[in-house]
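A.B. asks: Sequence first, predicted coordinates after that:
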Amino acid sequence: MIDRKIRNMAEFSALSGISRPTVSKYFNDPNSVRKSTRALIEQALAKYEYRPNLFAVNLNKRRPRIIGVIVPDTADTFFSELVRRIEIRCVDKGYLAIVLSSRGDAQLEARSIETLLSLKIAGAIVAPLGIHSDMALMRSLRARIPIVFLDSRLDDDTPFVGTDNFQSVPLITEYLCRTGERPTYFDMPAVNHNASERKLAYVKAMQRLGLKPEIITVGPQNDWRFEDIAFAETLRVIDGPGFPTRTILCANDRCAVGVMAAAYQRGLRIGREPGCDIRIAGHDDQPLSRYGCPPLTTVAQDFERLAQTSVDILLKRIEAGEADAQDPRPELVRLEAKLVMRASA
């Protein structure tokens with residue numbers, strides 16, 4: 001123990017007797033120094049209770065090992081799970097992740113982009129809001145650093161990693177048709193390309209099966225309060241004309257939560273068992289979907305591969321440098337989802 005706090009790496013080097021370059025090399029990558037040297041550094045760290053400011057260390061590097069991440073809402077369990085896995089992958093690769101949330105607001109997303117532009121970072125993973133994103137700012141960010149779009153894309157010129165809606169939606173549509181009454185599609189606000197793709201995928205799947213598509217549309221168009229909107233619209237439908245069929249396929253799990261809550265409030269029994277009034281299914285398999293009452297049937301996006309692939313593509317571009325940044329063929333990765341059958345449908 002010492003009487004005063006060590007302020008920086010130079011002071012730690014002087015007190016420990018270990019050279020400054022060696023200490024710096026250790027903090028960049030502990031495995032890059034000899035095992036015996038690593039043991040000496042770690043003993044000194046414990047003795048002097050020194051912890052470096054890794055954020056400052058990274059900012060001072062010529063090529064900082066910091067990744068920016070922007071998502072629509074960290075309170076959304078879909079995005080919080082993605083962020084958790086991105087952070088783990090970044091740590092495994094020796095990078096720090098700075099996570100910013102736009103909270104479904106285009107102005108806050110623009111401010112998040114401006115924040116990343118003001119920092120010295122290596123690259124960014126962005127899950128954009130979609131139709132109301134500031135494309136000029138996004139292009140400025142892409143001109144400065146490599147970026148990867150996650151979950152929703154804004155153009156075909158930027159690397160993208162997401163789920164193949166034209167595989168996932170037909171998968172659950174066909175399951176619902178095989179096991180009961182044909183599904184009515186409960187739409188989501190058209191906040192990004194996922195909304196239009198999933199609706200179109202449903203229509204095409206129904207037409208291929210020779211069945212009539214039925215769609216419940218919602219509004220407003222730029223609103224991320226999926227549960228609230230779905231709840232209100234479901235009450236309106238139940239209290240009015242009623243659903244065209246007794247099976248509801250929701251555009252995402254958050255809409256399904258609102259539909260299920262409204263159906264329960266109106267006394268409808270949800271499930272696939274005899275005597276149930278309505279079947280309800282979703283899309284995404286958010287972490288809490290398995291704990292619904294009843295648990296939600298859905299299609300599961302592969303969180304691990306979404307996070308891993310987006311980080312790996314970004315790091316490949318960062319480490320390749322300018323040559324790869326000019327690649328006219330950006331990666332467009334669409335991953336398959338899997339059916340998760342639970343009690344709701």
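C.D. replies: Yep, that arrived.

A.B. asks: Report whether Val69 is found in a strand, as I expect.
C.D. replies: Yes - counting by DSSP: H, G, I helix; E, B strand; the rest coil, Val69 falls inside a strand.

A.B. asks: beta partners of it?
C.D. replies: Val99, Ile125 (DSSP bridges).

A.B. asks: Okay, it and Gly271: tell me how far apart.
C.D. replies: Val69 sits 38 Å away from Gly271, going by CB to CB, to the nearest Å. Quick note: C-beta positions are derived from backbone N, CA and C, even for glycine.

A.B. asks: Can you pick out the residue with more neighbours from the two?
C.D. replies: Val69 (25 against 19; other CB atoms under 10 Å).

A.B. asks: How is the protein partitioned into domains?
C.D. replies: Domains of the chain are assigned by automatic domain parsing as 9-52, 66-163+304-335, 165-300.

A.B. asks: possible to save those as a markdown table with distance to Ala345?
C.D. replies: Converted to a markdown table, the domains of the chain look like this (distance: least, CB to CB, whole Å):
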| stretch | distance to Ala345 |
| --- | --- |
| domain 9-52 | 49 |
| domain 66-163+304-335 | 20 |
| domain 165-300 | 4 |
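
A.B. asks: give the contact list for Val311.
C.D. replies: Neighbour list for Val311: Ile67, Ile86, Arg89, Cys90, Lys93, Ile125 [criterion: CB atoms under 8 Å, 6 or more residues apart in numbering].

A.B. asks: mean confidence for whichever strand or helix holds the third one?
C.D. replies: If I follow you right, that is Arg89. Using DSSP states H and E, Arg89 sits in helix 77-92. Helix 77-92 carries an average pLDDT of 94.

A.B. asks: neighbours of Arg254, just the number please.
C.D. replies: Neighbour number of Arg254 under other CB under 10 Å is 26.

A.B. asks: Verify the stated contact: it with Gln286.
C.D. replies: Yes - counting by CB atoms under 8 Å, Gln286 is a contact partner of Arg254 at 7.2 Å.

A.B. asks: ok, Ser289 - how many residues close by?
C.D. replies: Neighbours of Ser289 (other CB under 10 Å): 25.

A.B. asks: my bad, Ser19
C.D. replies: 11.

A.B. asks: Can you pull the phi/psi pair for it?
C.D. replies: Note on Ser19: backbone dihedrals following degrees, to the nearest 10 are phi -60, psi 150.

A.B. asks: What residues does it make contact with?
C.D. replies: Ser13.

A.B. asks: Same question for the biggest helix by length in the chain: list its buried residues.
C.D. replies: Assignment by DSSP state H gives helix 303-320 as the longest helix of the chain. By 16 or more other CB atoms under 10 Å, the buried positions in helix 303-320 come out as 303, 305-315, 317-318.

A.B. asks: what does stretch 206-220 give?
C.D. replies: Met206, Pro213, Glu214, Ile216, Val218.

A.B. asks: Check the residues you listed for the minimum pLDDT and say which it is.
C.D. replies: Among the buried residues of stretch 206-220, Val218 carries the weakest pLDDT, at 92.

A.B. asks: Quick check, it in contact with Ile229.
C.D. replies: Yes - at 5.3 Å, Val218 counts as touching Ile229 under the criterion of CB under 8 Å.

A.B. asks: where do the contact lists of these two overlap?
C.D. replies: Shared contacts of Val218 and Ile229, defined by CB under 8 Å, 6+ apart, comprise Pro189, Cys255.

A.B. asks: rewinding a little: list the buried ones in the helix holding Arg89?
C.D. replies: Going by neighbour count (16+ other CB under 10 Å), the buried part of helix 77-92 is Thr77, Phe78, Phe79, Ser80, Glu81, Leu82, Val83, Arg85, Ile86, Glu87, Arg89, Cys90.

A.B. asks: again with stretch 108-125
C.D. replies: Buried-residue list, stretch 108-125, by 16+ other CB under 10 Å: Leu108, Glu109, Ala110, Ser112, Ile113, Leu116, Leu117, Ile121, Ala122, Gly123, Ala124, Ile125.

A.B. asks: now swap in stretch 39-50 and tell me
C.D. replies: For stretch 39-50, the neighbour count (16+ other CB under 10 Å) marks Leu40, Ile41, Ala44, Leu45, Tyr48, Tyr50 as buried.

A.B. asks: Among those residues, which one lies nearest to Arg246?
C.D. replies: The shortest approach to Arg246 among the buried residues of stretch 39-50 belongs to Leu45, at 63.6 Å (CB to CB).

A.B. asks: is it fair to say the closest one lies in a helix?
C.D. replies: Yes - assignment of Leu45 by three-state DSSP places it within a helix.
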